[in-house]
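Q: Sequence and computational prediction follow.
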Amino acid sequence: MKQPLSESLASRTFIGLLLAQFTATFNDQAIHVVAIFYAVDMLVRFAQVRLIDDKAVVAIVTACFITPFLLFSSYAGPLGDRFSKRSVVVFWKGAEVLMMGLAFLGLGLPHLFSPDDPRLPTVAVWSAGMVIATVFLMGMHSTFFVPAKLGAMPEILHPAVLSRGNGVLEGTSFTAQILGTSAGGILYSLLKGEVTGGKLVMGQDWMIGALLFGLALVGTASALLMRPIPAAAPGLNLSWHWWRPLRDNLSILWKSRPLTLSVTGIAFCVFMTLFLRQTLFYQAELTKELRVAQAELASLTNEPPPDHPATALDRMLARVLPPRLEKAAQEPELRVALLFAVVGLGVGLGSIVAGYVSGHRIELGLVPIGALTIVVCTLVPCVLRHAPGLFVLSLFGIGCGAGFYLVPLYTQLQHRAPRESKGNVVSASNFLNVVGFYLRTGIWIRARGHNALRTIGIENMPTDGPVVLLANCHVFPAALDLVAAVDRYVRLVFVEERGAVRSRLQKWAQHAGMIAVPALPEAPEWARAEDEGEAALRKGEMVALTINQAGCAAAISRVVAAWQSAVAGVVVLPVCCTSALRDQPFAPHDYPRVIIGPPLPPGTSLESALAAIDRLTAASASE
């Protein structure tokens, strides 16, 4: 039985999903960092495996995490649509318990042998291999878990709270990345063994495996809180040929321009995140090699080892950390892990803020702001070098920009993807139309950050196909609200009042594609509006028209009739913009609203459309 969509983030299913993904992300990041440090100690410093050095370990562990995405992504989407997404989440949370059990066993294996046992180097190699194998398995876990998690969101939450829910989901996900990355590095530095004189002095690193195993159990129990979610496409035929699901997924994307651009945008952002991570880890290895070379040079010249200058960050850590943790924080790998945690902190904060400022809609105007923030914060350290504090702030800014960039795109992707194929496309990314970027960014700036606009009746709007919106947006602020309230690109014909002064933002909107028509029945712009509207409808796009200008009712009726006959199956929706109701002022605490009514019958007249808008207005005033 299908559960109703929740209009609150206090939903049991949403909370269960939130906790399940938090523990999964924490374990994922923690074991990734621990595997790098542990494998370097076991393979490079203790067992001294040939052809393996620090940089090779970083590359191998990262490749183990990424490779499952290449191998299994084409299966993850169809499985998430063929079966209940709750079942997929619960299955992989159960599998996560086994994976963390493998890591626990790998970290504890050397403790079963004495330090003088000649088999210990071989055991150390097997131990490191088990921990690295866990990273590969957790990569496979993420390949299947993430599409199910994101695809379940529009099947759990109502569209009115979907943006905010995505902000909380992404925010907590990146918070888990912060804690997982930092905790993995700090715990390993505190609990690791030491390699001294070619011998391994046992530490207590097995306790890390026990902690991650316990968190996996907690996450599995949290996943069981989720209520049943029906399968989106229970009759879907599964193919075990790697290329066939991939081909089908691409065919879905090619049919929708927003989805095609979507996967490009988020894929690029993920690539940049991985590139940044690799760069920071390699920087750590270069720093370590430099210190080792300096120490060896000092021993050859019988000089004391060089002292590394204390930075402002070192002095701050010395004040706030206990002595052992302060020493651990000087390790290059851990310092870089903390820097990456700064990026994650920025993404977490940016995601939550993006969900808040989006209000009850999908606010695509945040995307170019996030992209610009990423660009600026990337360029600043290049120009102002030798400023560590500024570098850390720039990393935080990159994270915040990524949060603003990703949350609206993921929400757009979830909402626009076909219901039976959300699992196929939800793990991809979104890159929006430049025209939509400019116009929506202007709307967001106009709202001074938190866009208070509320959209009512968005469920009446089809996610694809030709749609005609007949609205009372005869003033430009109402026209902006109409464009911002919908998550599809709309070609707006704005019938402006006589003598109205055009603002700079209105001129910008006209450059972005809005057609401004003076409220004169003989204006030549009417012909252009009719022709371009018909062309857009034939492409399956959405158009909107101001219809409450009595002085040109005949011209409006002609355009409405032409649009309705342009293509079969066109959906006509009445829309009331409360910001256009000058003679019916709302209380100062009220939010501007865009109310989308149910579809009007085919061949509806202008009088019927105006009457429908009046009914929406009356219903809004009575709330």
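A: Nice, I can see it.
Q: which phi and psi does residue 496 have?
A: Recorded main-chain torsions at residue 496 are phi -90, psi 150, according to degrees, to the nearest 10.
Q: ok, now which ones touch it?
A: Residue 496 sits next to 474, 476, 502, 516-519, 546 when contact means C-beta atoms under 8 Å, 6 or more residues apart in numbering. For the C-beta atoms, the positions are set from N, CA and C on the backbone; glycine is no exception.
Q: go again using 7 Å as the cut-off
A: 516, 518-519 (C-beta atoms under 7 Å, 6 or more residues apart in numbering).
Q: Distance check, it against residue 224.
A: According to C-beta to C-beta, to the nearest Å, residue 496 and residue 224 sit 57 Å apart.
Q: got the residue ranges for the helices in the stretch 151-300 of the chain?
A: 159-191, 206-223, 243-254, 257-300 (DSSP state H, counting those that start in this stretch).
Q: other SSEs contacting the second one?
A: Spelled out, that is helix 206-223. Helix 206-223 sits against helix 12-39, helix 85-108, helix 159-191, with contacts defined as 3 or more C-beta pairs under 7 Å, 6 or more residues apart in numbering; DSSP states H and E.
Q: Report the rounded mean pLDDT for that helix.
A: Per-residue pLDDT over helix 206-223 has a mean of 93.
Q: Which residues does that helix contact?
A: For helix 206-223, the external contacting residues (C-beta under 7 Å, 6+ apart) are 16, 19-20, 23-24, 26-27, 30-31, 34, 89-90, 93-94, 96-97, 100-101, 103-104, 107-108, 111, 187-188, 191.
Q: go again using 8 Å as the cut-off
A: Under C-beta under 8 Å, 6+ apart, the answer for helix 206-223 is 16-17, 19-20, 22-24, 26-27, 30-31, 34, 86, 89-90, 93-94, 96-97, 99-101, 103-108, 111, 184, 187-188, 191.
Q: If any of those residues are buried, put those into a ChimeraX selection.
A: A single ChimeraX command selects the buried members of the contacts of helix 206-223 (16 or more other C-beta atoms under 10 Å):
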select :16,17,19,20,22,23,24,26,27,30,31,34,86,89,90,93,94,96,97,99,100,101,103,104,105,106,107,108,184,187,188,191
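Q: contacting residues around the residue nearest to the spatial centre of the chain?
A: The centroid of the chain falls nearest to residue 406 when counting by C-alpha atoms, centre = their mean (3.9 Å). Counting by C-beta under 8 Å, 6+ apart, residue 406 makes contact with 170, 266, 269, 347, 351, 370.
Q: and the gap between the second one and residue 83?
A: With distances taken as C-beta to C-beta, residue 266 is found 24 Å from residue 83.
Q: go on, the first one?
A: Computed as C-beta to C-beta, the residue 170 to residue 83 distance reads 25 Å.
Q: neighbour-wise, which of the two wins?
A: residue 170 (25 against 20; other C-beta atoms under 10 Å).
Q: Spit out the contact partners of the more buried one.
A: 347-348, 351, 355, 403, 406-407, 410.
Q: Pull up the gap between residue 393 and residue 194, please.
A: Noted for residue 393: a distance of 35 Å to residue 194, by C-beta to C-beta.
Q: pretty sure residue 560 is in contact with residue 545, am I right?
A: Yes. Counting by C-beta atoms under 8 Å, residue 545 is a contact partner of residue 560 at 6.9 Å.
Q: residues bridging contact with these two, i.e. touching both?
A: 468, 470.
Q: So which of the contacts of residue 496 is the closest to residue 298?
A: Proximity of the contacts of residue 496 to residue 298 (C-beta to C-beta) peaks at residue 516, which lies at 74.8 Å.
Q: Okay, now the sheet partners of the helix or strand harbouring that closest one, with direction.
A: Assigned by DSSP states H and E, residue 516 falls within strand 515-518. According to DSSP bridges, strand 515-518 forms sheet pairs with strand 490-496 (parallel).
Q: Please save the CA atoms from stretch 166-181 in PDB.
A: The C-alpha coordinates for stretch 166-181 follow below in PDB (Å, rounded to 0.1, in the frame of the first residue of the first chain):
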ATOM      1  CA  ASN A 166      17.400  17.500   0.500                       C
ATOM      2  CA  GLY A 167      19.200  20.300   2.300                       C
ATOM      3  CA  VAL A 168      19.000  18.400   5.600                       C
ATOM      4  CA  LEU A 169      20.000  15.100   3.900                       C
ATOM      5  CA  GLU A 170      23.000  16.600   2.100                       C
ATOM      6  CA  GLY A 171      24.000  18.600   5.200                       C
ATOM      7  CA  THR A 172      24.000  15.600   7.500                       C
ATOM      8  CA  SER A 173      25.700  13.600   4.800                       C
ATOM      9  CA  PHE A 174      28.600  16.000   4.600                       C
ATOM     10  CA  THR A 175      28.600  16.400   8.400                       C
ATOM     11  CA  ALA A 176      29.100  12.600   8.500                       C
ATOM     12  CA  GLN A 177      32.000  13.000   6.100                       C
ATOM     13  CA  ILE A 178      33.500  15.600   8.400                       C
ATOM     14  CA  LEU A 179      33.200  13.400  11.400                       C
ATOM     15  CA  GLY A 180      34.200  10.300   9.600                       C
ATOM     16  CA  THR A 181      37.300  11.800   7.900                       C
END
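Q: now residue 613: how far from residue 575?
A: Distance of residue 613 to residue 575, given as C-beta to C-beta: 7 Å.
Q: out of those two, which sits in the busier spot?
A: Neighbours per residue, other C-beta under 10 Å: of residue 613 and residue 575, the larger number sits with residue 575, 28 against 22.
Q: That one touches residue 542, doesn't it?
A: No. At 11.3 Å, residue 575 does not count as touching residue 542 under the criterion of C-beta under 8 Å.
Q: Mutual contacts of those two, please.
A: Common neighbours of residue 575 and residue 542 (C-beta under 8 Å, 6+ apart) are residue 469.
Q: coming back round to it: output the contacts of residue 170 as TSV; include the columns secondary structure, distance to residue 380 and pLDDT.
A: Formatted as TSV, these follow (DSSP: H, G, I helix; E, B strand; the rest coil; distance: C-beta to C-beta, whole Å; pLDDT from 0 to 100):
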residue	secondary structure	distance to residue 380	pLDDT
347	helix	18	78
348	helix	21	75
351	helix	22	77
355	helix	26	72
403	helix	18	81
406	helix	21	77
407	helix	23	75
410	helix	27	70
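Q: And the furthest pair within these?
A: The most widely separated members of the contacts of residue 170, counting by C-beta to C-beta, are 348 and 410 (14.5 Å).
Q: So these two - more neighbours on which side?
A: Neighbour totals were compared for residue 348 and residue 410, and residue 410 leads with 27 against 23 (other C-beta under 10 Å).
Q: Let me know whether the more buried one touches residue 149 as I believe.
A: No. Using C-beta under 8 Å, residue 410 makes no contact with residue 149, being 10.8 Å away.
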